[in-house]
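Q: how does the following fold in three dimensions:
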Amino acid sequence: MSEVFENNAALTSVRNFYFNYQRIILSVFFSLIFLVSAFLFNMQIQEKKNAKAAVIYNQWISQEKETSNGKEIADQLFFELTSEYRNSGYTKIAVLDQASIMARNGDMEKAIEYFTLLKEISDGMRGDKLFNKLARINAARILYSQEKYDQALNLLEKYSTSSNALIHELVGDILKKQNKIDLAIEQYDLAKEKYDDEASISIVSMKIANINN
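A: Numbering: from 1, shown residues only. Model prediction:
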C-alpha cells in the first residue's frame, strides 16, 4: 500500500512540476525541435552544394586550358566555385592547385593572391585546419622571399606553439633576416627538437652554426 502512495505522490510531484514550469518546458522542447530541424536542413543544403561543387570541379579540371576559349570557360568555372561554393572542399583543392601553379610559373603575386584566398575560405571555427596551414606556410614562404618579413610572421603567428618543425624553422629563417638572433636560435632549437629525420636536423644545426660563427 505504501508503494501505491509513493507512486501517486511521485506522479503528483511530476504533474505539479509540469504545470508550474509548463511554459519553460514547452519553450525548451520547441527550441530543440527547431534547432534539430535547422541542423538537418543545413546538412541537406550542404550536401546538395557539395554535389554541385563536385560537378563544377570535375568540369574545371577536365577543361582544355591551352585554347583561349577553353581558358575562358575554365576561368568562369573557377569563379563559380570560389563565389558560390566557397566552403566546399572542392573549391579549396582548386584554389590550392591554382596557387601552386602560379608559384611554379614564377607569378608570385598571383600565387600570393590565391594562397590568401585559400587562407580566408579555410579560416575560422568551421574552416579547414590543413588547408589553412598550407595556405599560411606557402604564403609566408613567398613573402619571405620578397623580404616582407613582418607580413610573413603575421601569417605564422597563430602557430607560435605549434609542434610543426617546418614552421619553427621558417620562423627562425625570418627572424634571422630581421637580425633577431636570439629569437631565431630559439626557433631553430625548437625545430631540431621536433624534426625526426637526421637530414633536417643537420640542416638546422648548420643554420645555428652559421649564426654563431
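
Q: residue contacts, Ala135?
A: Contact partners of Ala135, counting by Cβ atoms under 8 Å, 6 or more residues apart in numbering, are Leu96, Ala99, Phe115, Thr116, Leu118, Lys119, Ser122. Using the backbone N, CA and C atoms, a C-beta is placed for each residue, glycine as well.

Q: contacting residues around the closest residue in space to Lys158 that isn't next to it in sequence?
A: Leaving aside its sequence neighbours, Lys158 sits nearest to Arg136 (Cβ to Cβ, 6 or more residues apart in numbering; 7.6 Å). Taking Cβ under 8 Å, 6+ apart, we find Arg136 in contact with Phe115, Lys119, Leu155, Leu156, Lys158, Tyr159.

Q: ok, Ala53 touching Ser88?
A: Yes: at 3.8 Å, Ala53 and Ser88 qualify as touching, with contact defined as Cβ atoms under 8 Å.

Q: overlap in contacts of the two?
A: With Cβ under 8 Å, 6+ apart as the test, Ala53 and Ser88 both reach Leu81.

Q: can you point out the buried residues in the strand or helix carrying Gly172?
A: Using DSSP states H and E, Gly172 sits in helix 165-177. Residues of helix 165-177 classed as buried: Ala165, Ile167, His168, Glu169, Leu170, Val171, Gly172, Asp173, Ile174, Leu175, Lys176 (neighbour count, 16 or more other Cβ atoms under 10 Å).

Q: now the angle from whatever helix or strand comes next after it to helix 165-177?
A: In the C-terminal direction, the helix or strand that comes right after helix 165-177 (DSSP H and E) is helix 181-194. Between helix 181-194 and helix 165-177, the angle comes out at 160 degrees (axes from the mean of the first three to the mean of the last three Cα atoms, to 10 degrees).

Q: hey, C-alpha coordinates of helix 181-194 in CSV?
A: What follows is helix 181-194, C-alpha atoms only, in CSV (Å, rounded to 0.1, in the frame of the first residue of the first chain):
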residue,chain,number,x,y,z
ILE,A,181,69.3,36.4,-33.5
ASP,A,182,68.4,35.1,-30.0
LEU,A,183,64.8,34.5,-31.1
ALA,A,184,65.9,32.9,-34.4
ILE,A,185,68.1,30.4,-32.5
GLU,A,186,65.2,29.7,-30.1
GLN,A,187,63.1,28.7,-33.1
TYR,A,188,65.8,26.7,-34.7
ASP,A,189,66.3,24.8,-31.4
LEU,A,190,62.5,24.0,-31.3
ALA,A,191,62.7,22.8,-34.9
LYS,A,192,65.6,20.5,-34.0
GLU,A,193,63.6,19.0,-31.2
LYS,A,194,60.6,18.3,-33.4
